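Student: Model the following, please.
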Amino acid sequence: MQQELSNVKVECVRGDIADQPDMDAVVNSANAQLRSGGGVAGALHAAAGPGLEQESQRHAPIEPGDAVITEAYDLPNDYVIHCLGPVYDDDEPSDSLLASCYREALKLADEKGIGKIAFPSISTGTFGYPVEAAARVAMHTIKRTRSELDNVVLIRFVLHTESDQRIYDDIRKELSL
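Tutor: Got it, this is the predicted structure:
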């Protein structure tokens, strides 16, 4: 399901963030040390190989709401943008920090000339952010940020479950994205 917002399309799919060969960049829902871990970080680091963690270490640590960019190594993409989302109910204000992840990732992508970027559902795994609340923050941030993008033409949300995909897609439609 996709819809055009000005010159930026947004789509929500179910899939594996580490297997998005048609995307220029994928986003890592990272930890502060930018190391491999569980969930999205583990999947991306495993698929990318050791070079990703080695390069990432030059940027660590990062703070909640921050984003940094690295090469993608053995992934089928050009770049990985690492975002540290907030731990829900610990890192406050959670909604502002989560919105910052999306804004900063899109800003880095646009500055690098990246046209297509894939996001996971940042902070909704181990960090405990409720999926619906996270989806609202993500979609509202994209709606506010899209007019500032010169190079990004496709934003894809790659969701792990059918339920998550439905939630993201419903909110996308509700906001006319």
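Student: CA atoms for contacts and neighbours, from now on please.
Tutor: OK.
Student: Mind listing what's buried along stretch 126-144?
Tutor: For stretch 126-144, the neighbour count (16 or more other CA atoms under 10 Å) marks 127, 129, 131-132, 134-143 as buried.
Student: swap in stretch 77-90?
Tutor: Residues 77-88 are the ones in stretch 77-90 that count as buried (16+ other CA under 10 Å).
Student: Farthest pair within these?
Tutor: Asp78 and Tyr88 (30.5 Å; CA to CA).
Student: before we move on, the earlier item: so which of the buried residues of stretch 126-144 comes closest to Asp164?
Tutor: Checking the buried residues of stretch 126-144 against Asp164 by CA to CA gives Val131 as the nearest, at 6.8 Å.
Student: so what's the residue nearest the centre of the chain up against?
Tutor: Centroid-nearest residue in the chain: Phe119, 3.0 Å away (criterion: CA atoms, centre = their mean). Contacts for Phe119 (CA atoms under 8 Å, 6 or more residues apart in numbering) come out as 17, 26-28, 155-158.
Student: what's the answer for Ser36, then?
Tutor: By CA under 8 Å, 6+ apart, Ser36 lies in contact with 42, 44-46, 53.
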